[in-house]
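Enquirer: Dropping the sequence and predicted coords here.
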Amino acid sequence: MPATPPSIPPGRSWVVDAYDLQGTLDGGQAFGWEPHGDAWHGVVQGRWIALRREGSRIEARGAVPIEDWGFLERYLGIHEDLGAMIATFPDDPPLRAAVSSCPGLRLLRQDPWEALACFLCSATKQVVQIKEIVRLLRQRHGEPIPTPPAHAAWTFPSPERLASLGEEHLRACKLGFRSPNLLAAARAVAEGRLDLDAVRRMPLPEARATLMSLRGVGRKVADCALLFGFGFDQAFPVDVWVRTALARLYFPRARNLGARRLEHFSETHFGPHGGLAQQYLFHHARTQLGRRWAREARSASTRRGR
């Protein structure tokens with residue numbers, strides 16, 4: 001007789017009118033989600049999760065029975081009022097265009113340590129390269145978790161686990177010069193010198209300064225960790241894409257647009273959910289405007305050559 005196929009644990013679904021699942025999971029916020037057919041596979045709080053969008057519903061399933069799906073609802077922001085958050089944005093043409101181009105983009109509410117560690121791995125790396133680093137860290141130093149047949153998944157390594165390693169183990173995961181930075185952060189947490197729960201309760205400037213006291217953590221990495229991992233919705237990370245978007249869309253005639261001016265603008269212009277506004281600008285610039293800007297740059301270069 002043929003073998004009885006393994007039973008699939010019951011899943012969960014939610015009706016969510018506006019949720020861009022692909023843009024949210026694969027938009028540079030988190031680096032552990034992978035596409036598989038029409039679904040996305042990842043690990044949330046030590047559980048293997050498959051997510052798919054079906055009409056107005058988000059459907060989730062796990063590898064083992066899950067009684068309380070609240071952890072995933074919080075992670076995905078299922079019950080957050082996206083419309084109310086967007087209503088706090090300034091009513092300006094660049095932001096209206098960004099929101100219109102990718103409706104339903106959300107913020108992921110991630111584990112603070114994982115967010116901090118992943119963005120420490122992100123310096124001068126593209127999303128696909130960061131994903132490879134994170135995958136290697138999980139496979140080599142995380143804990144295996146239950147998955148369906150033909151799949152494998154691991155937790156993100158704890159600070160204690162990473163703190164016990166030599167730097168060479170991190171370099172073997174393609175971290176390069178970022179290895180001592182991640183190792184220093186892991187040791188600070190494992191030894192109690194950095195209290196992640198305390199950072200959550202600090203005012204934003206103090207929380208930012210605390211993270212920036214770590215080796216290799218500049219303002220961008222700190223703001224990414226604070227926004228995506230610690231719940232600071234006003235944190236506004238400024239990377240190359242966002243800096244370019246701000247300069248071209250808001251200051252097209254400025255010649256010397258310094259970092260301090262951009263920081264002040266981002267802190268004061270975008271409101272209490274500035275981090276979500278940043279994500280819309282980032283996604284719009286990376287997926288829509290980047291090609292146009294590249295063509296403009298090539299055209300300008302050709303004209304200068306003449």
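Expert: Looks like it arrived, so ask away. Numbers count the residues shown, from 1 in each chain.
Enquirer: Residue 117 and residue 279, how far apart?
Expert: With distances taken as CB to CB, to the nearest Å, residue 117 is found 20 Å from residue 279. All C-beta atoms are positioned from the backbone trio N, CA, C, and that covers glycine.
Enquirer: and what of residue 291?
Expert: The value you get for residue 291 to residue 279, if CB to CB is used, is 20 Å.
Enquirer: Show me which of these two is the more surrounded one.
Expert: Remark: of residue 291 and residue 279, residue 279 carries more neighbours, 27 against 9, as counted by other CB atoms under 10 Å.
Enquirer: what's the nearest residue to the more buried one if we skip its chain neighbours?
Expert: residue 105 (6.0 Å; CB to CB, 6 or more residues apart in numbering).
Enquirer: my read: that neighbour touches residue 28, true?
Expert: No: counting by CB atoms under 8 Å, residue 105 sits too far from residue 28 to count as a contact (11.1 Å).
Enquirer: pretty sure residue 11 contacts residue 57?
Expert: No: judged on CB under 8 Å, residue 11 makes no contact with residue 57 at a distance of 10.9 Å.
Enquirer: Which one's more surrounded, the two?
Expert: residue 11 (15 against 12).
Enquirer: Leaving out sequence neighbours, find the closest residue to that one.
Expert: Nearest to residue 11 is residue 61, by CB to CB, 6+ apart, at 3.4 Å.
Enquirer: how would you label that neighbour: helix, strand or coil?
Expert: Here residue 61 is strand, with the state taken from DSSP: H, G, I helix; E, B strand; the rest coil.
Enquirer: what bridges to it?
Expert: In this entry, residue 61 is beta-bridged to residue 50, by DSSP bridges.
Enquirer: who touches it in this structure?
Expert: When contacts are counted by CB atoms under 8 Å, 6 or more residues apart in numbering, residue 61 touches 8, 9, 10, 11, 12, 49, 50.
Enquirer: Residue 144 too?
Expert: Here residue 144 is in contact with 152, 153, 154 (CB under 8 Å, 6+ apart).
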